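Enquirer: Here is my input; please provide its structure:
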Amino acid sequence: MRRLIAALLAAFLLSILSLQATAAPQVVYRYASGGGKRLVALTFDDGPHPKYTPQILDILAEYGVKATFFMVGSNADYHPELVSRVLAEGHEIGNHTYHHYHTANMQTDELLSDILACSEALSRHTGSKPTLFRPPEGVFNEEIKALCGKEGYTIVMWSVDTRDWAHTPISAIVSGVRANVKDGAIILMHDFIGKNSPTPAALRQIIPMLQESGYELVTVSRLLAE
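Expert: Numbers count the residues shown, from 1 in each chain. Model prediction:
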């Protein structure tokens, strides 16, 4: 048994070294579409959540907006009906690890395992493997980049942080988006926040504000395809 464990560990380490040498993933913070188009991607992290995800989906449907949800695998396992609803309403789903641990406190092999576990969970619920990955807290290293390259993930960061996760006042969230949004912006929001989330109320102001300014709100994949 010890020899088997040692062999498996050695194989794992060799695979990591191989990944470092060959993988070249795309890391996206902001994409300028050009061509006169004004596109912005709304993204939501940490869900699905039975209280906030349905509220957000209702608002998106009301305004005819498609978004990208970076889901935590364990939450997807708890609420598969919400995964199905997100897909059914034309939104896309990305990988946000299985447990959403604080990545700064994790060993690389633990984080790698958490990414793959999330991929497996989302594949079970959606029938296909996600192609977008957002690292918890925006933290990743060369090993994570290498794994994403091997697995075919695009690492998606953000250019506008609404700080809704910090329970920022709604007016400050809206004014922050207004001041920082540009063509090709990727806006970070959350559909799972402890206590009372300001996100749905802020979203009701942000979406019409952006639409009235001539922006089209799209998924990350649509943004990258333009």
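Enquirer: Provide the count of other residues in contact range of the closest residue in space to Ala202 that isn't next to it in sequence.
Expert: Counting by Cβ to Cβ, 6 or more residues apart in numbering, the nearest residue to Ala202 once its immediate chain neighbours are dropped is Ile173, at 4.2 Å. Where you see a C-beta, it was placed from the backbone N, CA and C, and this is true even at glycine. The number of residues packed near Ile173 is 24, by other Cβ atoms under 10 Å.
Enquirer: And the one 4 residues further on, by the same measure?
Expert: Around Val177 there are 22 other residues, counting by other Cβ under 10 Å.
Enquirer: which ones are touching it?
Expert: Val160, Thr162, Ile187, Ile206, Met209, Leu210 (Cβ atoms under 8 Å, 6 or more residues apart in numbering).
Enquirer: Where does pLDDT dip in this protein?
Expert: Applying pLDDT under 70 to the chain flags residues 1-25, 30-36, 104.
Enquirer: which residues sit against the strand of greatest length in the chain?
Expert: Scanning the chain for the longest strand, with DSSP state E as the assignment, gives strand 39-45. Contact with strand 39-45 is made by 33, 53, 56, 60, 65, 67-70, 94, 96, 134, 156, 158, 181, 183-192, 199, 207, 210, 215-220, 222-223, 226, as judged by Cβ under 8 Å, 6+ apart.
Enquirer: could you redo the last one with a cut-off of 6 Å?
Expert: 33, 67-70, 96, 185-191, 215-218, 220, 223, 226 (Cβ atoms under 6 Å, 6 or more residues apart in numbering).
Enquirer: One more: stretch 86-97?
Expert: For stretch 86-97, the external contacting residues (Cβ under 6 Å, 6+ apart) are 45, 66-72, 114-115, 118-119, 126, 130, 132-134, 136, 219, 221.
Enquirer: Thank you kindly, that will do.
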